[in-house]
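**Student:** Take this sequence and fold it.
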Amino acid sequence: MRRTVLVAVCLFAVAGLVEAFEPHRSYTTVTKNGNTTDAQTDTTLWDPAAGKSVALQGCAVSADATETIQVEVSDVDVIPPIYLAANTGMVVTGGYAPIYMGAVDAILTYTTTTSANTSIVCWGYEFQR
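**Tutor:** Now for the predicted structure:
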């Protein structure tokens, strides 16, 4: 009886290992960019396809004047606000892991504080929950 229970437990454990897949392993990277010369408020950067969510893997920003840039969803910061001195840039990334995974149909926006020449590039992928 003990042998039967032990075999059953081992089979369930092995079956669990066989069925475990890493999520979001197969995807196509999407790149979204925005360029502006004026202060922006909640400007759409990434509007995912209907029924999908955004997995944000990183952003690169630059400006030719002092600037604060916010990347947001529904006025909530996705990454901490980025402060740039004149003629500088910054890259925020999580390596292979997403730094943000949005809700279904959540739109990624950005806000800038001055009339600097500002560029923002974000990359990641869309996924179905």
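**Student:** okay, and the helix or strand of this protein with the least pLDDT?
**Tutor:** Using mean pLDDT, DSSP states H and E, helix 2-19 stands out as the lowest-scoring helix or strand of the chain, at a mean of 48.
**Student:** where in this structure is pLDDT low?
**Tutor:** For the chain, applying pLDDT under 70 flags the ranges 1-26.
**Student:** got the contact list for the helix or strand hosting Tyr110?
**Tutor:** Element membership of Tyr110, judged by DSSP states H and E, is strand 108-112. The contact list for strand 108-112, computed with Cβ atoms under 8 Å, 6 or more residues apart in numbering, reads 32, 34, 36, 39-47, 54, 56, 63, 67-73, 78, 102, 118, 120, 122. C-beta coordinates here come from the backbone N, C-alpha and C atoms, glycine included.
**Student:** For Tyr125, see how far away Gln40 is.
**Tutor:** Relative to Tyr125, Gln40 is positioned 24 Å away (Cβ to Cβ, to the nearest Å).
**Student:** Who are the contact partners of the spatially most central residue of the chain?
**Tutor:** With distances taken as Cα atoms, centre = their mean, the residue of the chain nearest its centroid is Leu56 (1.1 Å). For Leu56, the contacting residues are Val71, Val78, Pro98, Ile99, Tyr100, Met101, Gly102, Leu108, Cys122, Trp123, Gly124, by Cβ under 8 Å, 6+ apart.
**Student:** And the strands in this structure?
**Tutor:** With strands called from DSSP state E, the chain shows them at 30-36, 43-46, 52-63, 67-73, 76-77, 82-84, 88-93, 100-101, 108-112, 118-128.
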